[in-house]
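**Student:** The following block contains a protein sequence and its predicted model.
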Amino acid sequence: MKKIFYISLVLSLFSCTSNDDSTQDEDTPSPIVQTEKAYAYCTDGVGTGPSSKEYYEFTYENGSLTNVKGRFYPVFMQMFNMFFTDRITKLAYSGNTVTVSELEPGAASGYHEYRYTMDNNRPVKQEHYYVNNVTGPNAVTETKTYTYEQNKLKNSYWKFDGPGIYEYFATYYYDNNNNLTKCEVLEKVSGVDTKFSTVTYSDFDNAANPFKKLYLINDTFFEKSLSANNFRKRESSTVTINSGLPPKTGTKKWTYKYDTNGQIILY
């Protein structure tokens, strides 16, 4: 009789525990997952032409970007970029830190990772390092810091601690519509001024900026996210100081598609 009572008691406790666990699972809401796509040629638009096979796939959980499928790579001595649809980038959030991991295929020895320190949903510092699959993160190889004025990025400073110590000092300028119109960048190597670049942005539309939620993915998205609307023309000029050489110039134009409300269609 005692044995039957003991077994009944154990089963009762187990049943209660299982019900409690089930209740806790039910009380924890599943994340709201949303997926969006964007053609590579109308986002980065570098080293690629219109192609229905080349597109990004963005996954959001509860409104936060957590996964990106697709990435550009420099190829052939870094002379141009090629888009790879199978490359995965993960974003992880912890307090005021966002970690962006550019994962590589299984045969790779590791991957690049970027750690952002955020303030009011804006990056104030970026640290770049390589993560070895066996030994873990290496030392930080480059850092970027960002300063803001009137809720707009005013200056950024990038330092690469490799041979020669490269430094880049950037200043950003805006119009009355909160659109980025110019960026000036001074390059120093071992403390000596070497290059000065000027980038101008024009032909803005009136559409909302879809890149404002993609700004941590790459430098192109970050540059595009700085404006309220969307520039469709980018002109650059780089002077090598004391070289006597003519400036190196370049122009890039984007042709976006718009819906009936005048908003950009990326896919």
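**Tutor:** Ah, there it is. The structure presented is a predicted model; accordingly, all values stated were derived computationally and were not measured. Residues are numbered from 1 along each chain as shown.
**Student:** what about this structure, any weak spots by pLDDT?
**Tutor:** For the chain, the stretches flagged by pLDDT under 70 are 1-28, 45-50, 76-79.
**Student:** does the residue most central in space within it count as helix, strand or coil?
**Tutor:** By C-alpha atoms, centre = their mean, the chain has its centre lying nearest to Ile217, at 1.5 Å. Three-state call for Ile217 (DSSP: H, G, I helix; E, B strand; the rest coil): coil.
**Student:** Skipping adjacent residues, who's closest to it in space?
**Tutor:** Val68 (5.8 Å; C-beta to C-beta, 6 or more residues apart in numbering). (Glycine included, C-beta is placed from N, CA and C.)
**Student:** measure the residue nearest to the centre of the chain to Asn133 for me?
**Tutor:** Distance, Ile217 to Asn133, using C-beta to C-beta, to the nearest Å: 22 Å.
**Student:** now swap in Asn155 and tell me
**Tutor:** 36 Å.
**Student:** do Asn151 as well
**Tutor:** Counting by C-beta to C-beta, the gap from Asn151 to Asn133 is 40 Å.
**Student:** more crowded one of these two?
**Tutor:** Asn133 (11 against 8; other C-beta atoms under 10 Å).
**Student:** Quick one: residues contacting that one.
**Tutor:** Neighbour list for Asn133: Ala108, Ser109, Gly110, Tyr111 [criterion: C-beta atoms under 8 Å, 6 or more residues apart in numbering].
**Student:** wait, what's in contact with the closest residue to the last one other than its chain neighbours?
**Tutor:** This points to Tyr111. In space, and not counting its chain neighbours, Tyr111 is closest to Glu104: 4.7 Å by C-beta to C-beta, 6+ apart. The contact partners of Glu104, taken as C-beta under 8 Å, 6+ apart, are Arg87, Gly110, Tyr111.
**Student:** can you map out the helices along the stretch 101-250 of the chain?
**Tutor:** Using DSSP state H, counting those that start in this stretch, the helices of the stretch 101-250 of the chain run over residues 219-225.
**Student:** That one: strands as residue ranges?
**Tutor:** Assigned by DSSP state E, counting those that start in this stretch, the stretch 101-250 of the chain shows strands spanning 110-119, 122-132, 136-137, 142-149, 152-160, 166-174, 180-189, 192-204, 231-240, 248-253.
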